[in-house]
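Pasted the sequence and its predicted model underneath.
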Amino acid sequence: MSDYMVRATAASGQIRAFAVTSKEMVETAREHHNSSPIATAALGRLMSAAVMMGSMMKGEKDLLTLQIQGSGPMKGLTVTADSRGNVKGYPEVADVVLPPNAAGKLDVGGALGVGILSVIKDLGLKDPYIGQTELKTGEIAEDLTYYFAVSEQVPSSVGLGVLMNKENTVRQAGGFILQLMPFTEDEVIEKLEKKITEISSVTTMLEQGMTPEDILQEILGDLDLEFTDRIPVAFRCDCSKERISRALATLSKADMDSIIADEEPIEIKCHFCNKAYTFDIEELKEIRG
């Protein structure tokens with residue numbers, strides 16, 4: 001089954017809901033970065049959240065970036081998503097290995113440590129919108145729940161999960177985001193809060209063969225759930241030699257002269273997908289102008 005996301009409303013529009021299955025997307029990222037299980041789990045959770053949050057944006061060219069900077073050995077994560085289900089991302093340190101946490105799970109919180117979560121929305125305006133909150137647990141779902149409450153004043157529930165196979169491939173990945181509208185009735189809030197305490201983890205539900213529709217049905221089925229959209233999602237990097245040429249062109253003439261003086265071709269790798277681009281001396285001279 002290819003990865004996809006669903007969008008829905010419940011309780012006569014008082015709740016908006018998103019759910020995604022993202023196993024192939026996260027496995028593609030793991031292959032690009034040759035990441036350890038902890039790094040894959042962290043990146044997979046953040047990418048799953050980003051692809052759902054990206055779909056909340058209205059404009060065709062709007063871009064969302066989620067960035068975590070932490071004190072732990074992974075140092076941080078950067079993920080970018082558009083409004084059409086495309087996402088890309090990378091961990092600062094991809095080969096982090098730590099013992100399991102107290103619950104016997106991958107210690108994503110320990111790998112990220114304490115730090116800052118930044119949400120950057122480029123909506124085509126002069127300046128991007130930037131919201132920042134401190135990391136509460138480093139487990140990502142809780143940190144995003146906190147971000148929505150504090151920075152956007154939208155009470156939300158975020159569930160994210162990545163399950164790895166023993167040979168370090170991705171077994172399951174996905175998540176959900178539920179958000180309450182300002183006019184949500186107390187009775188609806190109570191029902192939802194009770195249900196969230198009763199459900200299994202995201203990866204357990206996915207392991208049971210549940211689809212994004214099934215997950216939202218499980219949580220919101222008693223609240224007049226209505227699906228509005230189904231959108232394919234994928235890891236997609238839009239890097240190109242031309243884009244990297246433009247980046248090189250922003251270097252000062254002195255810096256370019258220094259690179260050319262070495263008389264060696266240079267190789268530049270894309271952070272997001274690790275694809276390498278080589279520029280020979282003639283190309284470098286042309287970029288310098």
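Ah, there it is.

Would you map the strands across the stretch 1-150 of the chain?
4-10, 15-21, 63-70, 76-82, 86-91, 115-122, 129-134 (DSSP state E, counting those that start in this stretch).

Work out the gap between the last one and the centre of the chain.
Just to be clear, that refers to strand 129-134. 15 Å (C-alpha atoms, centre = their mean, to the nearest Å).

when you compare where that strand runs with where strand 115-122 runs, what's the angle?
Calculated by axes from the mean of the first three to the mean of the last three C-alpha atoms, to 10 degrees, strand 129-134 forms an angle of 170 degrees with strand 115-122.

same question, the fourth one
Going by the same axes, to 10 degrees, strand 76-82 is angled at 20 degrees with respect to strand 115-122.

so the top helix by length along the chain versus strand 86-91, what angle?
Once the chain is assigned using DSSP state H, the helix that runs over the most residues is helix 37-54. Interaxial angle, helix 37-54 versus strand 86-91 (the same axes, to 10 degrees): 150 degrees.

avg pLDDT for helix 37-54?
If you average the pLDDT over helix 37-54, you get 98.

Likewise for stretch 129-140?
On average, stretch 129-140 scores 95.

Now do the buried residues in that stretch.
By 16 or more other C-beta atoms under 10 Å, the buried positions in stretch 129-140 come out as 133, 135, 136, 138, 139, 140. Just so you know, the C-beta spots here come from the backbone N, C-alpha and C atoms, and that holds for glycine as well.

Can you tell me which of the residues you listed comes closest to residue 196?
Nearest to residue 196 among those, counting by C-beta to C-beta, is residue 139 at 15.8 Å.

The closest one against residue 109, yeah?
Yes. Using C-beta atoms under 8 Å, residue 139 is in contact with residue 109, at 4.8 Å.

ok so, going back, can you redo the buried residues of stretch 129-140 as TSV with distance to residue 174?
Listed next are the buried residues of stretch 129-140 as TSV, based on distance: C-beta to C-beta, whole Å:
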residue	distance to residue 174
133	24
135	22
136	22
138	20
139	16
140	13
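
Farthest-apart pair in the residues you listed, please.
133 and 139 (14.0 Å).

tell me how far the longest helix of the chain is from the chain's mean position?
4 Å.

This completes my enquiry, with thanks.
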